[in-house]
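In: Sharing a model prediction with you, sequence too.
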Amino acid sequence: MRRISIMLLLALAVASPMADAHDMVRIPAGPFTMGSNDGREDERPAHTVTLAAFEIDRLQVTNAEFARFLERHGTTDTQGRRYFDWDDNDARIHRVDGVWRADKGFEDHPVLEASWLGALAYCQSSGKRLPTEAEWEKAARGTDARRYPWGDAVPTAAHARFASGWNDTLPVTAHAADPSPYGVIGMAGNAWHWVSSAYRPYPYRHDDGREDFTPGPVRATRGGGHDSNAEELRTTERGRTLSRAPAAGHHNIGFRCAR
């Protein structure tokens, strides 16, 4: 009886969205509706995309996790391209006593100021990758074309962090009660998400060059941030008015990994 109880507790811990920062959610194969015919121009047309099954991090990458990456790999690649804008006032990771550490009180907040290349390198260092724009949208939206990850209800502070002050983020687990249809947490607000895809017109096609990882093209960003308005939290929003040069970090863009 004791053995059964222990096994049950272990199973519940694995299933819990709070169990492990590295926990991943499996998104099943199949079609979904990408884009919107009544959204912004760059979200049109709504179209069907069929994806293979994949996994995505349940939570966004935190300052503490990215600090450990910087400690192992440094702040630039072999060509001197930055992974992280550590000298920006908005950075919440700094070198203390010769060690890269998250600022006190921000350890479990989403990492900001990581460049697209830094996000890509972080994911690759753990055997993962950035999600494509289509994968991100399916993980956030599901197959019922919902407007927000939690459904169609107008966003409130109970759903997501938005309409807040500069760098006024929350821990990545803050809105665990309002996940996506698959149980992915924090897909709206708090910090935008870098995705692998170049920002190109729809319809989405994975084989048209937008998934070329050569640095340079502006990348799509998804999900909205802590300083976004409610409209930017929609599952189809692509961040077209957002400052998102891929070679730099930004005060409101984070990421999560997929595989």
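Out: Arrived safely. Only a predicted model underlies this, so the values are computations on that prediction, with no experimental measurement involved.

In: confidence score at Ala13?
Out: Note for Ala13: predicted pLDDT of 37.

In: Equivalent analysis for Ser243, please.
Out: 89.

In: wait, is it part of a strand?
Out: No - counting by DSSP: H, G, I helix; E, B strand; the rest coil, Ser243 falls outside a strand, being coil.

In: And the closest residue in space to it that isn't next to it in sequence, how close does it get to Trp192?
Out: The shortest distance from Ser243 to any non-neighbouring residue, by Cβ to Cβ, 6 or more residues apart in numbering, is to His250 (6.0 Å). In this view, the C-beta of every residue, glycine as well, is placed from N, C-alpha and C. Separation of His250 from Trp192 (Cβ to Cβ, to the nearest Å) stands at 8 Å.

In: shared neighbours of the two, which are they?
Out: Common neighbours of His250 and Trp192 (criterion: Cβ atoms under 8 Å, 6 or more residues apart in numbering): 242, 244.

In: between these two, who's got more neighbours?
Out: Between His250 and Trp192, counted using other Cβ atoms under 10 Å, the more crowded position is Trp192 (28 against 24).

In: and that one, what is it in contact with?
Out: 221-225, 228, 239, 242, 244, 250, 252-254.

In: tell me the mean pLDDT for the helix or strand where Glu55 lies?
Out: Per DSSP states H and E: Glu55 is located in strand 54-57. Averaged over strand 54-57, pLDDT sits at 98.

In: Repeat that for stretch 68-84.
Out: On average, the pLDDT along stretch 68-84 is 98.

In: Run a quick neighbour tally on Ala157.
Out: 11.

In: Pull up the per-residue confidence for it.
Out: Reported pLDDT for Ala157: 97.

In: Pro215 now?
Out: Pro215 carries a pLDDT value of 88.

In: before we move on, what SS does it have?
Out: With three-state DSSP as the basis, the three-state label of Pro215 is coil.

In: Pull up the gap between Gly127 and Met24, please.
Out: Remark: distance between Gly127 and Met24 (Cβ to Cβ) = 11 Å.

In: just Pro181 next, same as before
Out: Distance from Pro181 to Met24, by Cβ to Cβ: 16 Å.

In: do the same with Ala191
Out: Taking Cβ to Cβ, one finds Ala191 at 19 Å from Met24.
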